[in-house]
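> with the sequence up front, the predicted model follows.
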Amino acid sequence: ARKIIIDTDPGQDDAIAILLALASPELEVLGLTAVAGNVPLALTEKNARKICELAGRSETKVFAGASRPLIRQLVTAEYVHGKTGLDGPSLPDPKMELQPQHAVDFVVETLMREEPGTVTLCPLGPLTNIALALIREPKIAPRIKEIVLMGGGFFEGGNVTPAAEFNIYVDPHAADVVLKSGVPIVIMPLDVTHKALTTRGRIDAFRKLGTKVGDATVALLEFFERFDEEKYGTDGGPLHDPCVIAYLLKPELFKGRTVNVEVETASELAMGMTVIDWWGVTNRAKNATVMRYIDADGFFALLVERLGRL
Ligand code: BDR
Ligand code: CA
């Protein structure tokens, strides 16, 4: 199985991504590292443990990481995810314990221990933990197989400012460190995730599972989608983070290009913008594969089939 570390700020869509990973035998989840993002760290690490228990996988290791971005103040998104970050289903407080080790130490130690080129990082929130690990121990960079992350957007614009997507906006300096690390990177931007909408028919497919996980998924998605439905009148909300895990399982669901990506860290107007050289108009080195297209029906079919196994 492919070894992965999921770095996350749950978040309803993070929760579905974690469920998808835990349900998939092709993946070995070495650990979940929590970061401050959608809600503060004390909630994201607790939410990560709640989801492991929902999946019946309380042996999964969960670590707490950075409580704030590298330089900027923390910006959260309770207006999307609710006060707990995981509003919707009523999930019990977790019994499993948080690991005592710091998330950044866990990432460094794991990468230095495992065979080089065997561990993939899957960031689903602000990139603070990953940047800190790269700064703390630069020797990890050539040992990372790949970083597959959700963040950014270009043709689609931003979702927190006109220019910036939330994960990159919250810690643009961390994103800059990651993009300049030389590690192979795959990006799932808003251009992809805004096409993965939780329409009524797609939510009904989870309801039909008739399982605890299926019902919790429906409650998570119904809470999550109300923000976009009320604000933009769409049928469903964008299921961002599971795109990262789906890519590891079925890369053929996505199409994109390998290009240069830089992040804006200076201008207040465009702070956190991912400037994607889609048309190759610069000679800056290509540092990431940016996805732009998704087979959304295939993506949801995969999700329903996998979550049905839990
Ligand atoms: C990203 O921001 C968070 O609110 C979601 O969990 C996702 O990771 C989308 O911009
Ligand atoms: Ca997230």
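Nice, thanks for sending it over. Numbering: from 1, shown residues only. Ligands and ions are numbered 1, 2, ... in the order given.

> can you give me the pLDDT of the most centrally placed residue in the chain?
The centroid of the chain falls nearest to L124 when counting by Cα atoms, centre = their mean (1.7 Å). Here the pLDDT value assigned to L124 is 98.

> that one against Q12, yeah?
No: with contact defined as Cβ atoms under 8 Å, L124 does not count as touching Q12 (11.5 Å). (Glycine included, C-beta is placed from N, CA and C.)

> give me the common contacts of those two.
With contacts taken as Cβ atoms under 8 Å, 6 or more residues apart in numbering, L124 and Q12 have no neighbour in common.

> and A216, what does it touch?
By Cβ under 8 Å, 6+ apart, the contact list for A216 reads 54, 89, 91.

> and the first one, what does it touch?
In this structure, L54 makes contact with 19, 91, 212-213, 216, judged by Cβ under 8 Å, 6+ apart.

> which one of these is nearest ligand 2?
Closest approach between these and ligand 2, by Cβ to the ion: L19, at 13.7 Å.

> what's around the closest one, how many residues?
Neighbour count of L19, defined by other Cβ atoms under 10 Å: 26.

> isn't there a helix covering it?
Yes: checked against DSSP: H, G, I helix; E, B strand; the rest coil, L19 lies within a helix.

> inside helices: which ones of the contacts of L54?
When DSSP state H is applied, these are split such that 19, 212-213, 216 fall in helices.

> and the residue in the stretch 201-310 of the chain positioned nearest to ligand 1, its phi and psi?
Ligand 1 sits closest to H240 of the stretch 201-310 of the chain, with a gap of 4.1 Å, by Cβ to the nearest ligand atom. Dihedral pair for H240: phi -60, psi -70, per degrees, to the nearest 10.

> in the stretch 201-310 of the chain, which ranges drop under the pLDDT threshold?
Across the stretch 201-310 of the chain, nothing is flagged by pLDDT under 70.

> nearest to ligand 2: which residue in it?
D241 (4.9 Å).

> next up, the contacts around that residue.
Applying Cβ under 8 Å, 6+ apart, we find D241 in contact with 8, 11, 13-14, 16-17, 124, 150.

> buried stuff in stretch 171-188?
Neighbour counts over stretch 171-188 (16 or more other Cβ atoms under 10 Å) mark 171-179, 181, 183-188 as buried.

> among those, name the ones in helices.
Mapping the buried residues of stretch 171-188 onto helices (DSSP H) picks out 172-179.

> pick the one among those residues closest to ligand 1.
Nearest to ligand 1 out of these is A175 (Cβ to the nearest ligand atom; 12.5 Å).
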